[in-house]
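Chemist: I need the structure of the sequence given here:
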Amino acid sequence: MKTQGRDSPETRRTRTFLAAIGGVLVAIALWFGAADPGRDYAVSICALLGGAFIWAARFAPDRWVKRCETLLTERS
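Modeler: Residues are numbered from 1 along each chain as shown. Modelled structure (predicted):
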């Protein structure tokens, strides 16, 4: 029997995908911030985007998460 909502494997996979993208963006921001402190805006924007992806993976509604996946991967 197929489960609905946050328990469905497809939704969990999508949330993991968004969290992984967010983690990569935050790691890039930390790496660039340590390598070249002169890139203040790029580091801040990258960190904010990463945080937004991580936030979306945790708190966004399932419908919005699926729309993000469709937008990022061009799957329908």
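Chemist: what's downstream of the host helix or strand of C46, the next helix or strand?
Modeler: According to DSSP states H and E, C46 maps onto helix 40-59. Counting by DSSP H and E, the element after helix 40-59 in chain order, helix or strand, is helix 62-73.
Chemist: flag every buried residue along that following helix.
Modeler: 65, 68-69 (16 or more other C-beta atoms under 10 Å). The C-beta positions use only the backbone N, C-alpha and C, and glycine is treated the same way.
Chemist: tell me the angle that helix makes with helix 40-59.
Modeler: For helix 62-73 and helix 40-59, the angle between their directions (axes from the mean of the first three to the mean of the last three C-alpha atoms, to 10 degrees) works out to 130 degrees.
Chemist: and helix 62-73, what does it pack onto?
Modeler: Here helix 62-73 is seen to pack against helix 9-35, helix 40-59 when contacts are counted using 3 or more C-beta pairs under 8 Å, 6 or more residues apart in numbering; DSSP states H and E.
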